[in-house]
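Undergrad: sequence and predicted structure, then a few things I'm wondering about:
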Amino acid sequence: MTQDRIKVYKFGGASVKSAEAFRNLARIVKTQAGGQQLLLVVSAMGKTTNALEALLDLAHRQQAFEQEFLQLKSYHLQVLSELFPQQGHPVFQRLEHLFEQLHAQLAKTLPNDNFDTVYDQTVSFGELLSSTILHYFLEEQDLHNTLIDSRKYIQTDSTWREARVDWGWTERLIRRDVPAMLQEGLVVTQGFLGGTNNGLTTTLGREGSDFSAAVFAYCLEAEGMYIWKDVEGLLNADPKYFADTVCYPEISYQETVEMAYYGASVIHPKTIKPLANKQIPLYVKSFLNPEGAGTKICNCRFEVIAPAYIIKEKQCLVSFGVKDFTFISEQNLGTIFNALSELRIKINLMQNSAISFSICTDYHPERLHRLIQTLHDQFVIHYNTELRLYTIKNYDAASINRMMAGKAVLLEQRTRTTFQFVSR
Ligand SMILES: Nc1ncnc2c1ncn2[C@@H]1O[C@H](COP(=O)(O)OP(=O)(O)O)[C@@H](O)[C@H]1O
Ligand SMILES: N[C@@H](CC(=O)OP(=O)(O)O)C(=O)O
């Protein structure tokens, strides 16, 4: 049984990218959530995570990072000064302290440090900053709230940058503390972050705040989870690429998880499973039009839904050929899969022919380089970058023609419901 009144709201980077966005968020909480027990999960402001990645990259290569650091700091301070006109507000001191910690973290980064470990210790500051601002700002708006540190609740292993949740521990900790806090007022926490049992910070994968919200919703047996976006709801295509999108009023968990897997960046792929396991509906709503119906994702079934078009950018096609004109064997495939798994390279699409095996994967130059180093003795390896993986779910002839028009196809594949190809 789900708890009657707990709701989880997730606000992403676009919902907190400016002072006006914070004000809009507070309005949504006031008008939409009356009388509800509400947990708010917040991501880093705007494109802060990208900026932190760039800062870390400089620091790790022992390059000067002061200018970029000051840019990030002044972005936050600008928003702060608009939200808190009174100079002596305690939020200024809290932010100053967080920026000092971030600076110290960057300054002590060495080229020999494990990049993925320091990544999590550094990039996590985005959410620490935004959640602190949100906490104080909601208080100013008479929205009493408790700020909790999600690193103390979402317990993970130490798979840096893609930590795996220890569900047992996480559930125990959340259920121990959070329901009582929710009785007292709102609870605010960070998306994207977890913590190991020895107190180190982990992150759950880029765009992982949706997943954080789903973890809290699952553990609290929430009545519903809401993600607030700059779009009307879950659309049949990304409006950044397609002009004539349609919004699904209701769609199944299964359809959504597949869309997310193929690259529909509106929802993190890991979000659906915990919600589906407890039959918690997920609502995708517009923070620009909070009264709009949005999309309800639940355990529903429809025979026919509009084809969904999904484009995954920054793809790389890698082909492995055997050197001696023998066929690609299961043993060869085993060797390739082992190397991919070791290097955490995920296959988005694969195909094999008599003497070669091809995969389409996200492009990570360093991982690809290590893959080639590992396997070049046994295989002839070629790769192409700057590609896109196009997927049409629930395709028909017209949708295929539309998507393929004028494109040179490097690889193509179809099942009964899904058509995919790789192109520039
Ligand atoms: N199928 C889709 N439906 C709606 N939006 C989509 C879809 N696929 C991609 N998007 C993109 O997702 C964006 C919202 O997600 P995101 O940028 O991650 O928001 P936030 O970081 O604020 O949570 C939209 O602006 C849109 O361009
Ligand atoms: N800030 C993190 C986590 C996240 O989920 O962000 P957003 O909700 O803005 O996609 C990232 O950019 O990856």
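TA: Great, that's in hand. Numbering: from 1, shown residues only. Ligands and ions are numbered 1, 2, ... in the order given.

Undergrad: part of a strand, is Gly194?
TA: Yes. Secondary structure assignment (DSSP: H, G, I helix; E, B strand; the rest coil) places Gly194 inside a strand.

Undergrad: local confidence estimate at Thr326?
TA: In this model, Thr326 is scored at 80, pLDDT.

Undergrad: tally of neighbours for Ile272?
TA: In terms of burial, Ile272 registers 25 neighbours under the definition other CB atoms under 10 Å. The way it works is simple: take the backbone N, C-alpha and C, and place the C-beta from them, glycine included.

Undergrad: helix or strand for it, which one?
TA: Element membership of Ile272 [criterion: DSSP states H and E] is helix 272-277.

Undergrad: and for Ile328?
TA: Taking DSSP H and E as the criterion, Ile328 maps to no regular element, lying outside all helices and strands.

Undergrad: and Leu58, by the same measure?
TA: When secondary structure is defined using DSSP H and E, the element that contains Leu58 is helix 48-60.

Undergrad: just confirm Ala264 contacts Ile311, I think it does.
TA: No. In this structure Ala264 lies outside contact range of Ile311 using CB atoms under 8 Å: 9.1 Å.

Undergrad: okay, and the common contacts of the two?
TA: Overlap between the neighbourhoods of Ala264 and Ile311 consists of Asp238, taking contacts as CB atoms under 8 Å, 6 or more residues apart in numbering.

Undergrad: more crowded one of those two?
TA: Ala264 (23 against 20).

Undergrad: residue contacts, that one?
TA: By CB under 8 Å, 6+ apart, Ala264 lies in contact with 234, 238, 308, 310.

Undergrad: got the residues of the stretch 1-150 of the chain near ligand 2?
TA: In this structure, the stretch 1-150 of the chain approaches ligand 2 at residues 12-13, 43-44, 49, 126, judged by CB under 6 Å from any ligand atom.

Undergrad: re the thing from before, which ones among the contacts of Ala264 map onto strands?
TA: With DSSP state E as the criterion, strands contain 308, 310 from among these.

Undergrad: closest one to ligand 1 out of the contacts of Ala264, please.
TA: Proximity to ligand 1 was ranked across the contacts of Ala264 by CB to the nearest ligand atom; first place goes to Asp238, at 3.5 Å.

Undergrad: quick one: contacts for that closest one?
TA: Listed by CB under 8 Å, 6+ apart, the contact set of Asp238 reads 245, 264-266, 309-311.

Undergrad: how about stretch 275-290 and ligand 2, touching?
TA: No. For a cut-off given as CB under 6 Å from any ligand atom, stretch 275-290 has no contacts with ligand 2; the smallest distance is 12.1 Å.

Undergrad: what does this structure put close to ligand 1?
TA: Of all the residues in the chain, those lying near ligand 1 are 12-15, 43, 207, 229-231, 234-235, 237-240, 264-266, going by CB under 6 Å from any ligand atom.

Undergrad: now the buried members of those residues.
TA: Buried residues within the residues of the chain next to ligand 1, defined by neighbour count using 16 or more other CB atoms under 10 Å: 12-15, 43, 207, 229, 231, 234-235, 237-238, 264-266.

Undergrad: shouldn't Gln71 be within a helix?
TA: Yes. The assignment for Gln71, made by three-state DSSP, places it in a helix.

Undergrad: isn't it right up against Leu52?
TA: No. With contact taken as CB under 8 Å, Gln71 and Leu52 are classed as non-touching, separated by 11.6 Å.

Undergrad: more neighbours, these two?
TA: Each of Gln71 and Leu52 had its neighbours counted (other CB under 10 Å), and the higher figure belongs to Leu52 (23 against 12).

Undergrad: tell me the SS of the residue minimising distance to the centre of the chain?
TA: Central residue check for the chain by CA atoms, centre = their mean: the C-alpha nearest the mean position is that of Glu207, 1.6 Å away. Look at Glu207: counting by three-state DSSP, its state is coil.

Undergrad: avg pLDDT for stretch 130-147?
TA: Stretch 130-147 shows an average pLDDT of 97 in the prediction.

Undergrad: quick revisit: got phi/psi on the residue nearest to the centre of the chain?
TA: Dihedral pair for Glu207: phi 60, psi 20, per degrees, to the nearest 10.

Undergrad: tell me the contacts of it?
TA: When the contact criterion is CB under 8 Å, 6+ apart, the partners of Glu207 are 265, 268.

Undergrad: and the nearest residue to Thr48 once chain neighbours are set aside, helix, strand or coil?
TA: Residue nearest to Thr48 in three dimensions, not counting chain neighbours: Gly126, with 4.0 Å by CB to CB, 6 or more residues apart in numbering. With three-state DSSP as the basis, the three-state label of Gly126 is helix.

Undergrad: neighbours of Thr203, how many?
TA: For Thr203, the neighbour count with other CB under 10 Å is 28.

Undergrad: can you classify Glu412 by secondary structure?
TA: Recorded secondary structure, Glu412: strand (three-state DSSP).

Undergrad: what's near enough to touch the residue nearest to it when sequence neighbours are not counted?
TA: With sequence-adjacent residues excluded and distances taken as CB to CB, 6+ apart, Glu412 is closest to Phe421, at 4.3 Å. With contacts taken as CB under 8 Å, 6+ apart, Phe421 has the following neighbours: 389-390, 403-404, 407, 409-413.

Undergrad: from those, pick the one nearest ligand 2.
TA: The shortest distance between ligand 2 and any of these, using CB to the nearest ligand atom, involves Leu389 and amounts to 19.8 Å.

Undergrad: which helix or strand contains that closest one?
TA: Mapping Leu389 onto the secondary structure by DSSP H and E places it in strand 379-393.

Undergrad: go on, Ala26?
TA: Assigned by DSSP H and E, Ala26 falls within helix 19-32.

Undergrad: report pLDDT for the residue nearest to the centre of the chain.
TA: For Glu207, the model assigns a pLDDT of 94.

Undergrad: then Val304?
TA: In the predicted model, Val304 carries a pLDDT score of 69.
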